[in-house]
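Novice: Sequence below, structure please.
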Amino acid sequence: MAPIIDVADLHKTYAGAKSEAVAGVSFGVEEGEVFGLLGPNGAGKTTTIGTLTTRVRPSSGRVVVDGIDVVADPVAAKRVIAVVPQRPNLDRSLNALENLTFHGAYFGFSRRERRRRADELLAQLGLEGRGDDRVDNYSGGMAQRLIIARALMHDPRVLFLDEPTTGLDPQSRLFLWDQMEALKARGVTLLLTTHDMAEADRLCDRIAIVDHGKVIASDTPRGLRRVLPDAEGLELRLALAADPAASLRALGEVASEADGEDEWKVRIYGSDVAPGAAIAAAEAGGARLVDLRRIEGTLEDVFVHLTGRDLR
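Specialist: Residues are numbered from 1 along each chain as shown. Purely as a prediction, here's the structure:
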């Protein structure tokens, strides 16, 4: 089956710009997948999302969502997509219920169906009984939940979320993560942009990292970690007066450092290092095991490794 989002050789150059904002981006997203689009500020991801959501007209390339060419038929595309923007854009002259029902009216729902759908979503997003409240009286977390409820009013097949948890407290962030996972379980396709690497690691099935207008890496979160040198291995804390590294070098590349008096922290790099073999080798060298854990590079390590440390 064709991917529900299909981006092929996407280019965009803004008038007067010296370089392309998007310079040949291609990727596909499968139905029911959570797909992350990550990149530094100015990398091209905002323009890419703008094209996918019909706000930006590309210079060239093809963008198809649920079988609809978004450039040729943006009206049809808007019926199958929804957007949760980075900046709140609720109508603050209306209460929460009115924000939802007005949105439903744009998509031709009857008055009864709009009300039923709005009440259902308010309850789902933890806002039951708050429909008559003015949006100005909502906290940041409540307002973000209402924005998501509004996006879901017309039951979209694809939901775009642009840094949806930025600035939220931990409880609100965890609640929204649970809601995103529930949407995925229902078969909704999610495309997420975020600077929170823990969020991307937890939620995304696959991730594309964009920089300088191009996709520079794309894989599962675990697969992306493999681009790191020394990405996997074991870390042992050993009780021994002398450096125990020599007794462990047969197992792989070893790095060691003193970790207090008569204790050493030793890392053995490699995805196939067996804990039992490491313990046996350490004990054969006269060391006593204090602690052992498996090490794995983080998604943030991958991001910095690929895009660099320079500020944008």
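Novice: rest of the way, CA atoms for contacts and neighbours
Specialist: Noted.
Novice: Look at the closest residue to A258 other than its chain neighbours and give its secondary structure.
Specialist: Counting by CA to CA, 6 or more residues apart in numbering, A258 lies nearest to W264, which is 4.5 Å off, once chain neighbours are set aside. Classification of W264 using DSSP: H, G, I helix; E, B strand; the rest coil returns strand.
Novice: For W264, give its distance to R202.
Specialist: 32 Å (CA to CA, to the nearest Å).
Novice: which of those two has more neighbours?
Specialist: More neighbours surround W264 than the other of W264 and R202, with 24 against 11 (other CA atoms under 10 Å).
Novice: Output the below-cut-off pLDDT ranges for the stretch 201-312 of the chain.
Specialist: 229-231, 311-312 (pLDDT under 70).
Novice: in it, which spans are helices?
Specialist: Remark: helices assigned in the stretch 201-312 of the chain by DSSP state H, counting those that start in this stretch are 221-225, 275-284, 299-307.
Novice: try the stretch 1-150 of the chain
Specialist: Under DSSP H, counting those that start in this stretch, the stretch 1-150 of the chain gives helices at 45-52, 74-78, 96-106, 111-124, 140-151.
Novice: Contact partners for the residue nearest to A258?
Specialist: R237, L238, A239, L240, D243, P244, S256, E257, A258 (CA atoms under 8 Å, 6 or more residues apart in numbering).
Novice: re the thing from before, tell me which of the helices of the stretch 1-150 of the chain sits nearest to D132.
Specialist: Smallest distance to D132 across the helices of the stretch 1-150 of the chain (CA to CA): 6.1 Å, for helix 96-106.
Novice: Just the residues contacting the closest one, thanks.
Specialist: 90-91, 111, 114-115, 118-119, 130-135, 146, 149-150, 153-154.
Novice: Please apply the same query to stretch 26-36.
Specialist: With CA under 8 Å, 6+ apart as the criterion, stretch 26-36 contacts 2-10, 184-194, 200, 203-208, 215.
Novice: on that earlier part again, any idea what the residue nearest to A258 is bridged to?
Specialist: L238, A258 (DSSP bridges).
Novice: Kindly provide the distance from it to V290.
Specialist: When W264 is compared with V290 (using CA to CA), they lie 10 Å apart.
Novice: who touches both of those two?
Specialist: R237, L238, A239.
Novice: how near is the first one to G286?
Specialist: Translated: R237. 13 Å.
Novice: Looking at the two, which is more packed in?
Specialist: Ranked by neighbour count (other CA under 10 Å), R237 and G286 place R237 first, with 21 against 16.
Novice: contacting residues around the spatially most central residue of the chain?
Specialist: For the chain, the residue nearest the mean C-alpha position is A200 (3.1 Å; CA atoms, centre = their mean). A200 sits next to G36, L192, T194, I207 when contact means CA under 8 Å, 6+ apart.
Novice: hang on, isn't the last one packed against L38?
Specialist: Yes. With contact taken as CA atoms under 8 Å, I207 and L38 are classed as touching, separated by 7.2 Å.
Novice: Please identify which of the helices of the stretch 201-312 of the chain is closest to P164.
Specialist: Using CA to CA, the nearest of these to P164 is helix 299-307, at 18.5 Å.
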